[in-house]
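Participant: Okay, predicted coordinates and the sequence, questions at the end:
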Amino acid sequence: MATSPNQGMVSVVIEISDGRTLEVGVVTKQGFAGESLALGQATSPYRMICQPPGDGFRVKADVLHKLLLSTPYLQSRLSRYARFQSLRVSQIAACNRFHETEQRLARWLLMSQDRVGSEVLPFTHVFLASMLGTGRAIVSIAAAILQKAGLIQYRRGTVRILDRENLEDAACECYRVIKQFEAEMEPTIG
């Protein structure tokens, strides 16, 4: 099933056998989740989580495959988007391996704000931990560092971005790299 949100974002998550998860991609209204289906695969190895809740549309894999056979332009655009997602997934993988949790949390919050369009984000530490592939306690420490610096405020499952400019400085370079990917691809995926 391919999914495209009309608002908000869809987190593309990989889950390992012990139940731990890690966000490896994100989809907004300019894209679609399930890009492997556009490349001819029958299934996708990822789980999709819509955060915050929003609306969108879904297309069954077999219907998408039939549609792509008769619409080469759509197939070309979806294939290009799939390549773009591959770049983003690679950058997020490098980020998760090489950067500190507070840098990754800053990146993730910025990317979320870009997609949701609000300074208030409805995310718990448990949810953020599952997106960052770490424990809740580690996210709590990272959030406390960002809060003490005056960049965010955290209260009962809600994160408020207080100082976006300095939060961008606290994020690793991956945020800027991903934004550059998006800027370069936007005319062809939007």
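Facilitator: Perfect, thanks for sending it. Numbers count the residues shown, from 1 in each chain.
Participant: from what I can see, residue 18 looks like it's in a strand, true?
Facilitator: No. Checked against DSSP: H, G, I helix; E, B strand; the rest coil, residue 18 lies outside a strand; its state is coil.
Participant: Can you tell me how far the residue of the chain positioned farthest from its centre is from residue 33?
Facilitator: In the chain, residue 70 marks the outermost C-alpha relative to the chain mean, sitting 30.3 Å out by Cα atoms, centre = their mean. Between residue 70 and residue 33 the distance is 22 Å, computed by Cβ to Cβ, to the nearest Å. Backbone N, C-alpha and C define where each C-beta goes, glycine included.
Participant: Need the three-state assignment for the spatially most central residue of the chain.
Facilitator: Computing the C-alpha centroid of the chain and ranking residues by Cα atoms, centre = their mean puts residue 26 first, at 2.4 Å. Three-state secondary structure (criterion: three-state DSSP) places residue 26 in strand.
Participant: returning to that earlier point: how about the contacts made by the residue farthest from the centre of the chain?
Facilitator: Not one residue lies near residue 70 by Cβ atoms under 8 Å, 6 or more residues apart in numbering.
Participant: need the next SSE after the longest helix belonging to the chain, C-terminal direction.
Facilitator: Longest helix in the chain by number of residues, with DSSP state H as the criterion: helix 72-98. Once the chain leaves helix 72-98, the next helix or strand it forms, by DSSP states H and E, is helix 101-116.
Participant: Quick one: mean pLDDT for the helix or strand following that following helix?
Facilitator: Using DSSP H and E, the helix or strand that follows helix 101-116 towards the C-terminus is strand 120-121. Averaging pLDDT along strand 120-121 yields 94.
Participant: Residue ranges in this structure under the pLDDT threshold?
Facilitator: Low-confidence segments of the chain (pLDDT under 70): 1-3, 35-40, 42-43, 186-190.
Participant: let's see 50
Facilitator: Scanning the chain for pLDDT under 50 picks out 189-190.
Participant: before we move on, back to that, quick check: the residue farthest from the centre of the chain vs residue 63, distance?
Facilitator: 12 Å.
Participant: same question, residue 185
Facilitator: Residue 185 is 25 Å from residue 63, by Cβ to Cβ.
Participant: try residue 10
Facilitator: Residue 10 is 19 Å from residue 63, by Cβ to Cβ.
Participant: before we move on, what about residue 104?
Facilitator: From residue 104 over to residue 63 (counting by Cβ to Cβ), the distance is 37 Å.
Participant: Look at the two and report which has more neighbours.
Facilitator: residue 104 (25 against 12; other Cβ atoms under 10 Å).
Participant: Show me what the host helix or strand of residue 137 is packed against.
Facilitator: Per DSSP H and E: residue 137 is located in helix 136-148. Helix 136-148 sits against helix 101-116, helix 125-132, strand 152-155, with contacts defined as 3 or more Cβ pairs under 8 Å, 6 or more residues apart in numbering; DSSP states H and E.
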